[in-house]
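Student: coordinates only, sequence not included:
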């Protein structure tokens, strides 16, 4: 039975139980109404009887009043007659009213037996009243007979009064019994209905709230990121369907989170690789752009030089003619050049020795830095041990632990700084070796220059002979330079385009590097978010 059917059955049963309780209440109300009606009937009969009993005494009082009326007082006599008639009629009405009530048979029989006595008593009262109003002394002879009627009627009234009082007491007792029974039945019905409704409610809550609580616990576990729990489905109602849906959702979420985690790892690795590649491409592109820019500047300079060469080529012919004259003075100049080249060789050699000494100093600095780095590592280790000992010391070692942490941080910063200095020393050593090699190459070239200068003296003589030939060649060179100038201009334009393209590529790669870094951060954030789930 599913929850909907259980709730419908519970509602129908509750309505049936409420209807049963209402029936018990209606029965009790009916009993109470009957008891109240019987009690009201008894009270009405008792009231009528009491009124008749009062009229019984009032009629005797009227008779006695007739004896006190003075002779000739017509008004007083008429008042006595009027009172007598009213009291007699009232007595008759009271007895007739009781006779008409649905009273028990014994009371009806007693009322019927009182009717003749009442008629005789009223007739006797009227007769003696008239006699007393005519002659009071003579009427006194009839008082014993009147009192006899009074006593007979009084006896009957007392008997009737006893019966009516018994009826009132019986009606009251019956009402009390009806009230007690109705109360007992109503309380019993309420208790039974409460127990039954409580049992129904408990059963419904046990069959509904238990699975719902399991569903809530499972949903809270899933919301907190725990996807390892097992959700058992052992029902086929709506609660079982909810548990089944939660179990399917948990499985799907677990598979989805695992897949996202794997893909986020791959994405992070790919982004990291892409970032490194983009950085290398950016460096290469920047170098390419710088090289292209340098090449473009060199090509401009070369074009200007070619233009100058073209301009001066026209003058070269005249200069060639004059070169013969300058050849002699050139010999003297070459001697001076040889002397200057020797001094340059000495300076270069001295610079090479200085740079070599600088290289040895950098080696010593590197050794010292290694010692400082080792000391920093030992200090970091000692600070870590001191922090551990301070933690063991508890509250007493808290201040020492703070100092140990500061020392460990300073040691870490020292190690980092020594590493940076080591890198810088490495670059200085590399540059020093390059400078030494360059100096050595410079010395070699200076020596070669000296040798060449000596050869130049010999060549001066050949220059004089070749000056005339040079004039002829200058013409051809001038023509060739013109063509070379045009070709160089076109090459310069191409190089400028290459430089611009290299700059654009560098900007694009820079943007790609930033995007890759952002992608790596997003992947790391997604991975951190996914790691909150336990699968």
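Tutor: Cool, got the structure. This one's a predicted model, so the numbers in the text were calculated from it and none came from an experiment.

Student: ok now the lengthiest helix in the chain, how far from the chain's centre?
Tutor: The residue-count maximum for a helix in the chain (DSSP state H) belongs to helix 238-393. Its chain's C-alpha centre and that of helix 238-393 lie 51 Å apart, by CA atoms, centre = their mean, to the nearest Å.

Student: and that helix, average pLDDT?
Tutor: The average pLDDT within helix 238-393 is 76.

Student: packing partners for it?
Tutor: Counting contacts by 3 or more CB pairs under 8 Å, 6 or more residues apart in numbering; DSSP states H and E, helix 238-393 is packed against helix 3-67, helix 143-223, helix 398-530. Any C-beta I mention is one placed from the backbone N, CA and C, and that applies to glycine too.

Student: surely residue 104 meets residue 167?
Tutor: Yes - contact criterion CB atoms under 8 Å: residue 104 and residue 167 qualify, at 6.3 Å.

Student: skip the chain neighbours and tell me the closest residue to residue 249.
Tutor: In this structure, residue 249 finds its nearest non-sequential neighbour in residue 222, 7.1 Å apart by CB to CB, 6 or more residues apart in numbering.

Student: cool, and residue 131?
Tutor: Sequence neighbours aside, residue 139 is the residue nearest to residue 131 in space, at 3.7 Å (criterion: CB to CB, 6+ apart).

Student: what is the burial count for that neighbour?
Tutor: Number of residues near residue 139 (other CB atoms under 10 Å) recorded here: 20.

Student: that one: what secondary structure?
Tutor: helix (DSSP: H, G, I helix; E, B strand; the rest coil).

Student: now do the contacts for it.
Tutor: Contacts for residue 139 (CB atoms under 8 Å, 6 or more residues apart in numbering) come out as 66, 67, 128, 131, 132.

Student: between those residues, which is closest to residue 454?
Tutor: residue 66 (197.2 Å; CB to CB).

Student: thought the closest one was touching residue 82?
Tutor: No - checked against CB under 8 Å, the pair residue 66 and residue 82 is beyond contact range at 11.9 Å.

Student: pick out whichever of these two has more residues nearby.
Tutor: residue 66 (24 against 11).

Student: for the more buried one, which non-adjacent residue is spatially closest?
Tutor: Counting by CB to CB, 6+ apart, residue 66 lies nearest to residue 132, which is 3.9 Å off, once chain neighbours are set aside.

Student: could you tell me the angle between the one helix or strand that neighbour maps to and helix 3-67?
Tutor: Secondary structure from DSSP states H and E places residue 132 in helix 105-134. Counting by axes from the mean of the first three to the mean of the last three CA atoms, to 10 degrees, helix 105-134 points 30 degrees away from the direction of helix 3-67.

Student: before we move on, the earlier item: between residue 104 and residue 167, which one's more packed in?
Tutor: residue 167 (21 against 15).

Student: so what's the more buried one up against?
Tutor: Taking CB under 8 Å, 6+ apart as the test, what residue 167 contacts is 42, 45, 46, 103, 104, 107.

Student: recalculate using a threshold of 6 Å.
Tutor: residue 42 (CB atoms under 6 Å, 6 or more residues apart in numbering).

Student: returning to that earlier point: switch the helices and strands packed on helix 238-393 over to a markdown table; also include mean pLDDT and distance to residue 311.
Tutor: Below are the helices and strands packed on helix 238-393 laid out as a markdown table (pLDDT from 0 to 100; distance: least, CB to CB, whole Å):
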| stretch | mean pLDDT | distance to residue 311 |
| --- | --- | --- |
| helix 3-67 | 83 | 106 |
| helix 143-223 | 83 | 86 |
| helix 398-530 | 75 | 9 |
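
Student: any idea which of these gets closest to residue 252?
Tutor: Of all the helices and strands packed on helix 238-393, helix 143-223 sits nearest to residue 252, with 10.8 Å by CB to CB.

Student: now stretch 44-60, how far from the chain's geometric center?
Tutor: Using CA atoms, centre = their mean, the offset of stretch 44-60 from its chain centre is 87 Å.

Student: quick one: buried residues of it?
Tutor: Across stretch 44-60, burial judged by 16 or more other CB atoms under 10 Å covers 45, 46, 48, 49, 51, 52, 53, 55, 56, 58, 59, 60.

Student: hang on, the earlier thing: what helices or strands is the helix holding residue 132 leaning on?
Tutor: With contacts defined as 3 or more CB pairs under 6 Å, 6 or more residues apart in numbering; DSSP states H and E, helix 105-134 has these neighbours: helix 3-67, helix 74-100, helix 136-139, helix 143-223.

Student: now the angle from that helix to helix 74-100?
Tutor: 170 degrees.

Student: just give the nearest non-adjacent residue to residue 179, would you?
Tutor: The shortest distance from residue 179 to any non-neighbouring residue, by CB to CB, 6+ apart, is to residue 32 (6.3 Å).

Student: count the residues that sit near that neighbour.
Tutor: With other CB under 10 Å as criterion, residue 32 counts 16.

Student: also residue 243?
Tutor: For residue 243, the neighbour count with other CB under 10 Å is 21.

Student: repeat for the one 4 residues further on
Tutor: Applying other CB under 10 Å, we find 16 residues neighbouring residue 247.

Student: same question, the one 4 residues further on
Tutor: The number of residues packed around residue 251, counting by other CB under 10 Å, is 12.

Student: and residue 350, by the same measure?
Tutor: Look at residue 350: counted by other CB under 10 Å, it has 11 neighbours.

Student: on that earlier part again, can you check what angle separates the longest helix of the chain from helix 143-223?
Tutor: Here helix 238-393 runs at an angle of 60 degrees relative to helix 143-223 (the same axes, to 10 degrees).

Student: and the angle for helix 238-393 with helix 398-530?
Tutor: Helix 238-393 and helix 398-530 are oriented at 150 degrees to each other (the same axes, to 10 degrees).

Student: how far away is residue 167 from residue 422?
Tutor: According to CB to CB, to the nearest Å, residue 167 stands 127 Å off from residue 422.

Student: likewise for residue 233?
Tutor: Distance from residue 233 to residue 422, by CB to CB: 65 Å.

Student: now swap in residue 99 and tell me
Tutor: 137 Å.

Student: cool, residue 505 as well?
Tutor: Residue 505 is 34 Å from residue 422, by CB to CB.

Student: can you pull the contacts of the nearest residue in space to residue 373 that is not next to it in sequence?
Tutor: Leaving aside its sequence neighbours, residue 373 sits nearest to residue 418 (CB to CB, 6+ apart; 4.2 Å). Neighbouring residues of residue 418 by CB under 6 Å, 6+ apart: 369, 372, 373.

Student: kindly report the same for residue 85.
Tutor: Neighbouring residues of residue 85 by CB under 6 Å, 6+ apart: there are none.

Student: what pLDDT does residue 1 get?
Tutor: So residue 1 comes in at 68 (pLDDT).

Student: what's the spacing between the residue lying farthest from the centre of the chain and residue 503?
Tutor: Here the chain reaches farthest from its C-alpha mean at residue 138, the gap being 115.8 Å by CA atoms, centre = their mean. Per CB to CB, residue 138 is found 164 Å from residue 503.

Student: same question, residue 394
Tutor: 64 Å.

Student: the two: which has the busier surroundings?
Tutor: Taking other CB under 10 Å, residue 394 and residue 503 do not tie; residue 503 has more neighbours (17 against 9).

Student: point to the residue nearest the middle of this protein.
Tutor: residue 223 (9.9 Å).

Student: now do the contacts for that residue.
Tutor: Residue 223 neighbours (CB under 6 Å, 6+ apart): none.
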